[in-house]
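Asker: Next comes the sequence, and after it the predicted model I'd like to discuss.
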Amino acid sequence: AKAATHPLDVLKKRYQVAGLPRSLRYGRRVSQNVSRLSLVQYAATMYRHEGIRGFYRGLNPSLLKAAPSAAVTLTAFELARAALVSAGFGNQSGPTSHR
């Protein structure tokens, strides 16, 4: 799922950093003009300049972050749920059962 949505994430991040000063060692700066283009227009411009690889730039670090992030979120949810159940809030049989 992360690989499928990554191109939209790249576009979103480029809109967010448009015009911000940054070191050239991190790559080409994102022009301030990006914010004036529609999503489709900018995607076409990006494709012309970088090809399909531009949409997947940074995918590997993103994938490496996804698994630990999901594990922490699930663990926190389960711990919070267990604490609430042991404190008497809710029940373990689900929201449709009645006491």
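Answerer: Nice, thanks for sending it over.

Asker: longest helix anywhere in this structure?
Answerer: Taking DSSP state H as the criterion, the chain has its longest helix at helix 59-86.

Asker: For that one, buried residues please.
Answerer: Across helix 59-86, burial judged by 16 or more other C-beta atoms under 10 Å covers Leu59, Ser62. Just so you know, the C-beta spots here come from the backbone N, C-alpha and C atoms, and that holds for glycine as well.

Asker: what's the answer for stretch 30-40, then?
Answerer: For stretch 30-40, by 16+ other C-beta under 10 Å, it's Val30, Val34, Leu37.

Asker: SS state for the second one?
Answerer: Read it as Val34. helix (DSSP: H, G, I helix; E, B strand; the rest coil).

Asker: and what of the first one?
Answerer: Using three-state DSSP, the structure places Val30 in coil.

Asker: what packs against the longest helix of the chain?
Answerer: Helices and strands touching helix 59-86, by 3 or more C-beta pairs under 8 Å, 6 or more residues apart in numbering; DSSP states H and E, are helix 2-17.

Asker: quick revisit: which one among the buried residues of stretch 30-40 gets closest to Asn60?
Answerer: Among the buried residues of stretch 30-40, Val30 lies closest to Asn60 (C-beta to C-beta), at 20.5 Å.

Asker: Would you confirm that the closest one contacts Lys12?
Answerer: No: assessed by C-beta atoms under 8 Å, Val30 is found out of contact with Lys12, at 11.8 Å.

Asker: Against Ile52, how distant is Lys2?
Answerer: Using C-beta to C-beta, to the nearest Å, we find Lys2 at a distance of 17 Å from Ile52.

Asker: any low-confidence regions in this protein?
Answerer: 21-29, 32, 91-99 (pLDDT under 70).
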